[in-house]
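S.K.: Quick one, fold the following:
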Amino acid sequence: MLAIITVAFFMMRAAPGNPYSTERKLTPAVEANLKAQLGLDKPLHEQYLEYVGKVVRGDLGPSMQIHDKSVSELLGEGLPVSLTIGALAITIGLFFGVMLGVLAAMRQNSAVDYSAMSVAMIGISIPTFVTGPLLSLIFGVWLHWFAAGGLDLGRMNFYNTFLPVLTLALPQIAIISRLMRASMIEVLRSNSIRTARAKGLSEFRIMVRHAMPSAILPVISYLGPAVVGVITGSVVIESVFGLPGVGSSFIEGAVTRDYTRVMGAVILYGGLIIVLNLIADILYALLDPKVRFE
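M.R.: Reported below is the predicted structural model:
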């Protein structure tokens, strides 16, 4: 986390401009007073040490553009939107990805296998900033089945969250299905599965009790960074669909050189990456009897 904070802090300061260069031109005296109020007139190393000290105490500082709100308040307003969209997308991606992967593995080299993997390849190849506007145009503007963007009366519901969730879920379905297919094929060819079949166990029990726990391990390893990737990937999706999440706040802060706002989002995303990767490692050990932490 210290490395993340350090790199992000100096990259932001190295970018051209400052929090007041995008507004109407201020007089030198007014700009100097504003910089002094926010501590931007101090040497860079002093700003860094002071900021790290505040972060250690849990203080992300005030926004440099929205003066009546702190960074924590801004993140708290956008986080529920990002978490809801991200959680729904990864849940859908996991369910349909595993299902398609298992189905393709059980019908290897059949029309079902080729169809599922073709769809998966398309999902991996097309980025979300392309699929998002296309889905919005087709299902939002032309067919009027779902909201093309924004939140109705500030509330999240199926009508205005389906398209952003689907846009984020499609690449995850594609990646997870390919991981699951490859892993399942390898497990189904193992000696343990041959032994289970030789003992007369039903195909359903073999799949559920013996094949799935082993085959899903690569997916569990992928889920840690995938969950964070979905949440951080909402940066683009929130901009495309006009949703007030952390991603939109991050972009707005970067454009306006709101240093503390961008740093707060970076710290949030960095913390999520570390925690979720740790959870994925623990789940991997719980599912794989060969892995022991001691």
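S.K.: Quick check: residue 88 touching residue 166?
M.R.: No. Residue 88 is not in contact with residue 166 according to CB atoms under 8 Å; the separation is 9.4 Å. C-beta coordinates here come from the backbone N, C-alpha and C atoms, glycine included.
S.K.: what residues are shared contacts of the two?
M.R.: Common contact partners of residue 88 and residue 166 (CB atoms under 8 Å, 6 or more residues apart in numbering): none.
S.K.: what's next to stretch 113-124, contact-wise?
M.R.: For stretch 113-124, the external contacting residues (CB under 8 Å, 6+ apart) are 100-101, 103-105, 107, 170-171, 173-175, 177-178, 181.
S.K.: can you check stretch 82-90 too?
M.R.: Defining contact as CB under 8 Å, 6+ apart, one finds that stretch 82-90 is touched by 156, 161, 164-166, 168-169, 172, 223, 226-227, 230-231, 234, 237-238, 243, 245-247.
S.K.: The residue nearest to residue 211 when sequence neighbours are not counted: neighbouring residues, count only.
M.R.: Nearest non-adjacent residue to residue 211, counting by CB to CB, 6 or more residues apart in numbering: residue 187, 5.0 Å away. Other residues near residue 187 come to 20 when the count uses other CB atoms under 10 Å.
S.K.: Provide a list of residues in contact with residue 187.
M.R.: Counting by CB under 8 Å, 6+ apart, residue 187 touches 193, 211, 214-215.
S.K.: same question, residue 206
M.R.: 193, 196-197.
S.K.: how does it look with 10 Å?
M.R.: Counting by CB atoms under 10 Å, 6 or more residues apart in numbering, residue 206 touches 188, 192-193, 196-197, 199, 212.
S.K.: Residue ranges in the stretch 151-294 of the chain under the pLDDT threshold?
M.R.: Scanning the stretch 151-294 of the chain for pLDDT under 70 picks out 152-155, 232-233, 287-294.
S.K.: In it, what residue spans correspond to helices?
M.R.: Secondary structure of the stretch 151-294 of the chain by DSSP state H, counting those that start in this stretch: the helices cover 158-188, 191-198, 203-205, 212-215, 217-241, 246-255, 259-287.
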